[in-house]
Structures are given as C-alpha cells and as structure tokens.
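**Q** Could you look at this predicted model? Sequence included:
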Amino acid sequence: MDREKMLRDFSTYLSVEKGLSQLSIKAYISDVRIFLDSLGSRDPSRITESDVVDFIKERREKGDKDTTLVRRLSSVHALISFLNLEGVLRSDPMEMLKRPRLEQRLPKAEDRQNIELLLNAPYNVISDKRERGKLTENKHSKLLRDAAMLEVAYSTGLRATELVNLKVGDVDLNGMYLRTKGKRGRERTIPIGEVAKKKIKEYFENRGDYSNESPLFEGKNGGPISRNWFWFMVKQYAKYVGLPADVSPHTIRHSFATHLLEGGADIKTVQALLGHKMISSTQIYTKVTSERKKEVISRHPGS
C-alpha cells in the first residue's frame, strides 16, 4: 500500500467527512506518521491489536504523557475507521483494546478581578510608554488592537482559532453582534457588548485602510494574527500584570462560560454561545461553578 497516497486520502476524509480544521488535520497526520513508523515495513492494511499494543509500549518508553498518548491513539483510531470505511481493513483491531483514560479535569477560570487586570493590560502599557516618550503611532495602534482582541475574546468566549480568523465584515457594530465559524464549519452569531464595541471602534480609528475582507485583528503585512501569536500575547500580558503563568486563551474562554453561569445564565444559552454540539461539553462548567461556591463557603466563619 502506498502510504503517502493513503495519508492524502485520509487527510481528505478528515476534512470532508469529519469537517476538521487544517490545524487538527495536521496534528492527526503527525500522530499517524509516528504510528506508521512504528510498524516498520508492515503494510497498514494488516494492522493488528498487537501492533497497537506495541505502539503504546514504545510511546510510554519514549516518555509520552497520558494526555499525549490518548491523543495519538485517537488519531490512530481515526485512521483505522477510515481504512475500514475504504474496505482496506475488515475489522477494528482497537475494538477490544483497553486504552488509557484520562480523569476529567475541570477547566480553569480566573476571577473577574484578574480578567479585568488582563483586559486593561494593553492600556497600562500605553500609559507606561507614553510617560517614557516611547509610544509611537504604530505601537499605539497595535496596543489598541490587543485591547480590542482581548475584550472580544472575553465578551464572546470565542476559541483562539475562531478569533484570529475573524474578518472586518464578520462584525456588525450597529447590530452589536459578530458571526463566526466553529468546528466542522458550524456558523453561529454572538452578541457583543458596549465595551467590546467601544474598543473595536477605537482600534479601527487608529488602524490603516481596511475592507470587509480584511482580518479584524491585523498582523504582519496585513495578514491575520496567528493563533500561536495570540497565545504568546495573552501570556505576555498575563505576566505583565502578575497573573499565573498558565493563563491562556483557553482561560479566557473558560472564564467567559463560568462567569455567565455564575451570573444566572441558563446552560442551553451558554452551550449555543460556546458553539458546543453536545450539552455534556458545557455541563462541565456547572461543576466549575459548584467548586467555586464550595471554595467561597469554606471561607465562611461558620463552615
């Protein structure tokens, strides 16, 4: 079997049938290549349960963490499903295999005060640079962009990939909403608040020419900001205001959902805003709010 052709066909399957993003497909292909390398010269059409067991042992010996191993096995199982669908394999060699399981970890959310510190960080940098006479027009525009980006992230709960892929035309400041495409191309409309509207307008007033097709948050050479750069940006601002090192775009999204539920929002609405297909994905946030309530109660003198 031609492995490269198989991987190209598998990539198409992940894109067309599963609706995965190019970023996810790249991760799947990377994991599958590692698995195929472990087979040596063996034909992928002859994958057995022993091959998968040997792969697990090999990856453990190489120091893979449980989270990494579970992800790799998920990619391998996707390949096996594809080969079954194509009639290359006649059975699922992973069907009876006991795979590593991860304990469900509660998403990390920051207190509202900490989120406010993070959202105000770009303005603090503007003040610092202005006082030192180092605030150029270009730097000022970029800092206003960062402020708008952080505010939109928190006020909408968008995933990092969804955020960086927004175009100017996706935002309606008069109607106060934006449109985004989430996983598997599912489109949703999300309202934006007055604060986000104000920061976006302030950013627009200080940026160069743009059209509806321009990236909402412009990076180098007029292109969109990369997902990795947004992660770096969040961590740098978190460090600047003294927040924990593990604060990330995920933290902002988790905080958005947690604060909504704490404020009395119903779980169905939060599910729709987050773009979760399954309500079970959203229900984990109810556990977060319960844990936070327990923490508050534990501080009560009578507890």
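**A** Here it is on my side, so go on. Residues are numbered from 1 along each chain as shown.

**Q** Poorly predicted segments of the protein, please.
**A** 101-107, 184, 287-303 (pLDDT under 70).

**Q** the helices in it, which residues?
**A** For the chain, the helices defined by DSSP state H cover 3-16, 22-39, 49-61, 66-85, 112-131, 137-156, 160-164, 194-205, 227-240, 249-262, 267-274, 279-298.

**Q** nearest to residue 92, of those helices?
**A** Checking the helices of the chain against residue 92 by C-beta to C-beta gives helix 66-85 as the closest, at 5.9 Å. No exception for glycine: its C-beta is placed from N, CA and C like everyone else's.

**Q** Format the helices of the chain as JSON lines; extra columns: distance to residue 96 and mean neighbour count.
**A** Shown next, in JSON lines, are the helices of the chain (distance: least, C-beta to C-beta, whole Å; neighbours: other C-beta atoms under 10 Å):
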{"stretch": "helix 3-16", "distance to residue 96": "23", "mean neighbour count": "15"}
{"stretch": "helix 22-39", "distance to residue 96": "18", "mean neighbour count": "16"}
{"stretch": "helix 49-61", "distance to residue 96": "7", "mean neighbour count": "15"}
{"stretch": "helix 66-85", "distance to residue 96": "13", "mean neighbour count": "17"}
{"stretch": "helix 112-131", "distance to residue 96": "46", "mean neighbour count": "16"}
{"stretch": "helix 137-156", "distance to residue 96": "43", "mean neighbour count": "20"}
{"stretch": "helix 160-164", "distance to residue 96": "36", "mean neighbour count": "21"}
{"stretch": "helix 194-205", "distance to residue 96": "51", "mean neighbour count": "17"}
{"stretch": "helix 227-240", "distance to residue 96": "38", "mean neighbour count": "17"}
{"stretch": "helix 249-262", "distance to residue 96": "34", "mean neighbour count": "21"}
{"stretch": "helix 267-274", "distance to residue 96": "34", "mean neighbour count": "17"}
{"stretch": "helix 279-298", "distance to residue 96": "25", "mean neighbour count": "13"}
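
**Q** and those as CSV, adding distance to residue 188?
**A** Shown next, in CSV, are the helices of the chain (distance: least, C-beta to C-beta, whole Å):
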stretch, distance to residue 188
helix 3-16, 21
helix 22-39, 19
helix 49-61, 37
helix 66-85, 25
helix 112-131, 22
helix 137-156, 10
helix 160-164, 9
helix 194-205, 16
helix 227-240, 19
helix 249-262, 14
helix 267-274, 7
helix 279-298, 14
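
**Q** for the ones you listed, which one sits closest to residue 174?
**A** Comparing the helices of the chain by C-beta to C-beta, helix 194-205 comes nearest, at 9.2 Å.

**Q** residues in contact with that closest one?
**A** Here helix 194-205 makes contact (C-beta atoms under 8 Å, 6 or more residues apart in numbering) with 141, 144-145, 147-148, 151-152, 155-156, 171, 173, 176, 192, 210, 216.

**Q** Would you check which pair of those lies furthest apart?
**A** Within the contacts of helix 194-205, 141 and 176 form the most distant pair, 23.3 Å apart (C-beta to C-beta).

**Q** quick revisit: closest one to residue 180 among the helices of the chain?
**A** Proximity to residue 180, assessed across the helices of the chain by C-beta to C-beta, is greatest for helix 160-164 (4.6 Å).

**Q** Can you spell out the domain ranges of this protein, please?
**A** Residue ranges for the domains of the chain, per automatic domain parsing: 3-85, 112-292.

**Q** what's the distance between the first one and the middle of its chain?
**A** Relative to the chain's own centre, domain 3-85 is displaced by 22 Å; criterion: C-alpha atoms, centre = their mean, to the nearest Å.

**Q** and if you look at stretch 204-222?
**A** Its chain's C-alpha centre lies 23 Å from the corresponding centre of stretch 204-222 when counted by C-alpha atoms, centre = their mean.

**Q** That stretch: end-to-end distance?
**A** This stretch, stretch 204-222, spans 14 Å end to end (C-alpha to C-alpha, to the nearest Å).

**Q** For it, list every residue counted as buried.
**A** For stretch 204-222, the neighbour count (16 or more other C-beta atoms under 10 Å) marks 204, 207, 214, 215, 216, 217, 218 as buried.

**Q** And these, which is closest to residue 100?
**A** Relative to residue 100, and with distances defined as C-beta to C-beta, the nearest of the buried residues of stretch 204-222 is residue 217, at 38.0 Å.
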